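Participant: All I have is the shape, not the residue letters:
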Ligand SMILES: CC(C)(COP(=O)(O)OP(=O)(O)OC[C@H]1O[C@@H](n2cnc3c(N)ncnc32)[C@H](O)[C@@H]1OP(=O)(O)O)[C@@H](O)C(=O)NCCC(=O)NCCS
């Protein structure tokens with residue numbers, strides 16, 4: 001639904017732009033036929049752009065390490081306290097993630113690395129209950145708000161369900177409003193538990 005709404009919203013903005021340009025043409029006494037043709041070409045170009053915008057999600061492999069490190073550093077630029085301070089630390093973290101995951105996938109948009117998710121279906125929460133844990137989800141900033149985070153999260157949810165789990169959990173930075181809002185929108189609840197600046201969020205599967 002969100003996706004359809006989003007495309008609709010984008011379409012409305014574009015139509016608004018056409019009307020503005022149309023008015024300009026009109027003011028300059030350009031014929032209506034020109035305006036109509038201009039609007040139609042614009043609309044078709046826009047539809048073509050949407051059709052061409054492709055997301056491909058593939059499993060992580062070691063050749064992707066450097067681009068995933070860059071992606072991680074980029075994604076946390078607004079919240080450096082929750083990211084890795086250096087590439088060296090990011091490299092160590094990616095290695096840790098590789099060894100503590102049952103799902104590690106990278107999303108490419110138009111062939112460019114755009115985001116990744118790391119999930120573990122063998123995790124136990126602080127009470128010892130088996131849960132599906134989202135260890136990391138990061139999207140390169142220029143690709144935010146295009147539904148990539150949601151798509152990656154859906155892959156993890158599907159993965160956990162296939163493993164017979166009933167709960168998914170994660171720790172979000174307690175000041176990371178964007179991530180908290182994103183997870184709430186995607187069915188997670190704030191459990192109220194905060195541990196060294198990390199907020200525990202969970203959802204039923
Ligand atoms: C949090 C994060 C993963 C979200 O990724 P994203 O790709 O921007 O997420 P989405 O595009 O799926 O959803 C974000 C918003 O875009 C909207 N949206 C825009 N285009 C959309 C589309 N085509 N389809 C679905 N939703 C769309 C959603 O409704 C949502 O709205 P909101 O801002 O009101 O919450 C990303 O911001 C990020 O990497 N942040 C830095 C790292 C981080 O904090 N990670 C979390 C670790 S706990």
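Facilitator: Yes, it's here. Treat the numbers as computed from the prediction; the structure is a model and nothing was measured.
Participant: Name the nearest residue to the residue positioned nearest the centre of the chain, sequence neighbours excluded.
Facilitator: Centroid-nearest residue in the chain, with CA atoms, centre = their mean: residue 149, separated by 1.9 Å. Using CB to CB, 6 or more residues apart in numbering and skipping residues adjacent in sequence, the residue nearest residue 149 is residue 139, 5.0 Å away. (C-beta placed from N, C-alpha, C; glycine too.)
Participant: Next: residue 110.
Facilitator: Closest to residue 110 by CB to CB, 6+ apart is residue 54, at 6.3 Å.
Participant: now swap in residue 82 and tell me
Facilitator: In space, and not counting its chain neighbours, residue 82 is closest to residue 173: 3.8 Å by CB to CB, 6+ apart.
Participant: Report the beta-bridge partner residues of that neighbour.
Facilitator: residue 198 (DSSP bridges).
Participant: Next, the contact list for it, please.
Facilitator: 79, 81, 82, 179, 197, 198, 199 (CB atoms under 8 Å, 6 or more residues apart in numbering).
Participant: and which of those is nearest to residue 65?
Facilitator: If you rank those by distance to residue 65 using CB to CB, residue 82 comes first, at 20.8 Å.
Participant: Distance of the closest residue to residue 117 other than its chain neighbours relative to residue 75?
Facilitator: Leaving out its chain neighbours, the residue that sits closest to residue 117 by CB to CB, 6+ apart is residue 152, at 4.0 Å. Using CB to CB, to the nearest Å, residue 152 is found at 12 Å from residue 75.
Participant: Common neighbours of these two, please.
Facilitator: Joint contacts of residue 152 and residue 75 (CB under 8 Å, 6+ apart) are 115, 139.
Participant: More neighbours: the two, which one.
Facilitator: residue 152 (26 against 23; other CB atoms under 10 Å).
Participant: if we look at stretch 132-144, which residues are touching it?
Facilitator: Stretch 132-144 is touched from outside by 71-72, 74-78, 97, 100-101, 107, 109, 113-121, 123, 125, 148-149, 152-153, 156-157, 159-160, 163, 165, 167-170, 179, 205, with contacts defined as CB under 8 Å, 6+ apart.
Participant: For ChimeraX, what selects the buried ones among those?
Facilitator: Entered in ChimeraX, the line below selects the buried ones among these, by 16 or more other CB atoms under 10 Å:
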select :71,72,74,75,76,97,101,107,109,113,114,115,116,117,118,119,120,121,123,148,149,152,153,156,157,159,160,165,168,169,170,179
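Participant: Just the ones of the contacts of stretch 132-144 in strands?
Facilitator: Counting by DSSP state E, the part of the contacts of stretch 132-144 found in strands is 107, 109, 113-121, 123, 167-170.
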